[in-house]
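Enquirer: predicted coordinates and the sequence they were generated for:
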Amino acid sequence: MQKGNKILIVEDEFIVANDLKMILRKQGYEVVGIASSVAQATAIIENKRPDWVLLDIILKGTETGIDLANELNKAHIPFLFISANTNQGILEAVKETRPYGFLTKPFREKDLFIMLEIAKERFNTEHSDMAPPVKPMTDKLSQEEIIGKSQVFSDILSQVELVAPTDTSVLLLGESGTGKEKIAQSLHQLSLRHQQPLIVVNCAAIPLSLIESELFGHEKGAFTGAQNRRIGKFELADGGTIFLDEIGELPLEAQTKLLRVLQEREIDRVGGDMPVKINVRIIAATNRNLEQEVAMGRFRLDLYYRLNIFPIAIPPLRERAEDIEVLAYHFLKVYNNRLKKNILGFTSHVMAQMQSYPWPGNIREMQHLMERTVLLAKESLINEIVFASSLDGVHKMHIVQNEKLGSLEEIERAHILRVLEACGGKISGPGGASEILQISTSSLYAKMKKYGIKADFY
């Protein structure tokens with residue numbers, strides 16, 4: 001690290017701290033001191049003003065690394081955690097301090113320097129004074145159908161404008177239906193890679209047995225049925241951007257291989273002899289709480305921080321009340337054109353209903369609702385609107401009244417179909433069929449295959 005080569009180590013175990021000091025010095029870093037307590041660290045910071053602080057959580061004395069992290073934020077000194085503590089409570093407290101990385105003990109030297117490299121990249125992105133070498137976002141928003149006027153949405157667009165021209169990895173966080181894919185498309189279109197491909201991968205939709213082949217490709221004869229070479233999604237995205245949607249659904253084995261790809265910038269085709277170099281910008285998205293997934297052992301901490309260089313949290317529609325009317329009129333215009341209608345607007349009563357509705361399905365729910373409402377409308381103003389929750393109640397009553405006895409498999413198949421229909425075909429994530437059924441996504445796909453359930457049925 002050039003400007004940021006002065007590092008303070010805050011670690012209460014002398015052997016660990018000394019080993020860390022030797023590792024850093026061997027790579028050309030200047031270690032300005034070792035502190036075993038917050039008090040010692042504060043004294044060194046006042047005298048030597050480090051560029052970075054490597055920080056353990058449990059220290060000598062009554063104060064912790066988290067206490068020191070809060071002070072570092074006030075002093076505008078960036079820091080990274082190195083700790084063996086990864087329970088959910090600790091991770092949530094750590095997240096509140098906004099560190100530039102978290103490395104779990106024990107770790108490899110290579111992992112340490114990758115984390116420092118990522119931290120520098122993120123720090124430089126956040127503190128860059130350079131104007132992005134692309135046209136302002138406002139010139140392109142209409143093309144991408146990114147609609148909104150609320151302050152929270154304006155803040156999101158500012159973040160997109162800041163990070164889009166860089167190659168920095170972006171993690172999009174938010175509930176299903178909030179528009180994460182639209183944001184990903186904008187990040188790509190506003191980047192210097194916009195003339196290269198944007199490859200979209202739904203990680204939840206890939207069968208477990210095919211994940212490696214789908215992402216990285218395979219050679220002819222690599223396994224039974226591999227009659228030809230297959231180019232994987234990462235190779236297809238070479239030079240451009242890959243959007244890994246629902247990244248939280250990837251199994252741990254696939255996460256390990258993905259982490260290697262991100263670190264080494266090369267992939268291994270299944271059955272291949274030589275690695276293939278790739279140049280890909282990563283955008284990932286999830287509707288899961290990844291810190292909780294890490295704490296539960298379902299998501300790798302090192303992969304989380306590798307993806308979490310520049311997180312953008314997209315709020316649910318219920319937290320963007322100012323955008324509801326704007327979005328409603330946008331979709332009204334879309335479906336007026338598509339359905340050859342001439343609906344002029346909404347009555348005040350209907351608009352008030354939409355403003356007070358919680359929109360559990362977010363923008364996607366509004367889009368589907370507007371299509372159905374415009375299709376059924378017979379007057380110039382929409383004076384009645386029926387929300388999906390009301391339709392679900394009627395539908396469930398109809399099912400209860402008409403349900404017949406059957407075999408266990410028939411009942412299971414029918415129940416899966418009902419849940420899929422109620423979820424609008426959503427398989428994974430909050431409110432998805434796998435969550436309601438309390439089974440894994442892969443198990444649900446296996447049952448759907450067993451019972452011949454396809455999208456045509458729900």
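Expert: Yes, it's here.

Enquirer: please count neighbours and contacts with C-alpha atoms only from this point.
Expert: Noted.

Enquirer: touching, residue 97 and residue 72? I think so.
Expert: No: under the criterion of C-alpha atoms under 8 Å, residue 97 makes no contact with residue 72, lying 9.2 Å away.

Enquirer: so where's this structure uncertain?
Expert: Applying pLDDT under 70 to the chain picks out residues 1-4, 86, 88, 125, 128-145, 221-222, 224, 388-407, 455-458.

Enquirer: can you give me the strands in it?
Expert: Using DSSP state E, the strands of the chain run over residues 6-10, 30-35, 52-55, 79-83, 102-104, 170-173, 198-202, 241-245, 266-267, 276-277, 281-286, 310-313, 345-346, 381-382.

Enquirer: of the ones you listed, give the one that comes closest to residue 303.
Expert: For those, distance to residue 303 was read as C-alpha to C-alpha. The smallest value, 10.4 Å, belongs to strand 102-104.

Enquirer: and that closest one, which strands flank it?
Expert: Under the criterion DSSP bridges, strand 102-104 sits next to strand 79-83 (parallel) in its sheet.

Enquirer: check which residues of the strand it pairs with are buried.
Expert: Using 16 or more other C-alpha atoms under 10 Å as the burial criterion, the residues of strand 79-83 that qualify are 79, 80, 81, 82, 83.

Enquirer: Provide the partner residues of the second one in its beta bridges.
Expert: Bridge pairing for residue 80 (DSSP bridges) gives the partners residue 54.

Enquirer: pretty sure it is touching residue 51, no?
Expert: No: the pair residue 80 and residue 51 fails to qualify as a contact (C-alpha under 8 Å) at a distance of 11.4 Å.

Enquirer: got the contact list for the residue most central in space within the chain?
Expert: Compute the mean C-alpha point of the chain, and by C-alpha atoms, centre = their mean the closest residue is residue 285, 2.6 Å away. The contact partners of residue 285, taken as C-alpha atoms under 8 Å, 6 or more residues apart in numbering, are 171, 172, 173, 180, 243, 244, 245, 246, 247.

Enquirer: excluding its backbone neighbours, what's nearest residue 63?
Expert: Excluding the flanking residues, the one nearest residue 63 by C-alpha to C-alpha, 6 or more residues apart in numbering is residue 38, at 6.3 Å.

Enquirer: can you check residue 84 too?
Expert: residue 105 (4.8 Å).

Enquirer: circling back to that earlier point, what about the residue nearest to residue 63, how many neighbours?
Expert: Here the count is done by other C-alpha atoms under 10 Å, and residue 38 has 23 residues near it.

Enquirer: residue 56 reaches residue 90, doesn't it?
Expert: No: the criterion here is C-alpha under 8 Å, and residue 56 misses it with residue 90 at 11.8 Å.

Enquirer: more neighbours, those two?
Expert: It is residue 56, of residue 56 and residue 90, that has more neighbours when counted by other C-alpha under 10 Å, with 27 against 14.

Enquirer: residues in contact with the more buried one?
Expert: Taking C-alpha under 8 Å, 6+ apart as the test, what residue 56 contacts is 10, 11, 12, 65, 81, 82, 83.

Enquirer: ok, which pair from those residues is furthest apart?
Expert: 12 and 81 (13.3 Å).

Enquirer: from memory residue 69 sits against residue 97, does it?
Expert: Yes: Residue 69 is within contact range of residue 97, at 6.2 Å (criterion: C-alpha under 8 Å).

Enquirer: which of the two has more neighbours?
Expert: Higher neighbour count among residue 69 and residue 97: residue 69, with 25 against 17, using other C-alpha under 10 Å.

Enquirer: list the contacts for that one?
Expert: 79, 97, 99.

Enquirer: ok, now how distant is the last one from residue 66?
Expert: Okay, so that is residue 99. Using C-alpha to C-alpha, to the nearest Å, residue 99 is found at 10 Å from residue 66.

Enquirer: for those two, indicate the residue with more neighbours.
Expert: More crowded of residue 99 and residue 66, by other C-alpha under 10 Å: residue 66, with 23 against 19.

Enquirer: cheers, nothing more for now.
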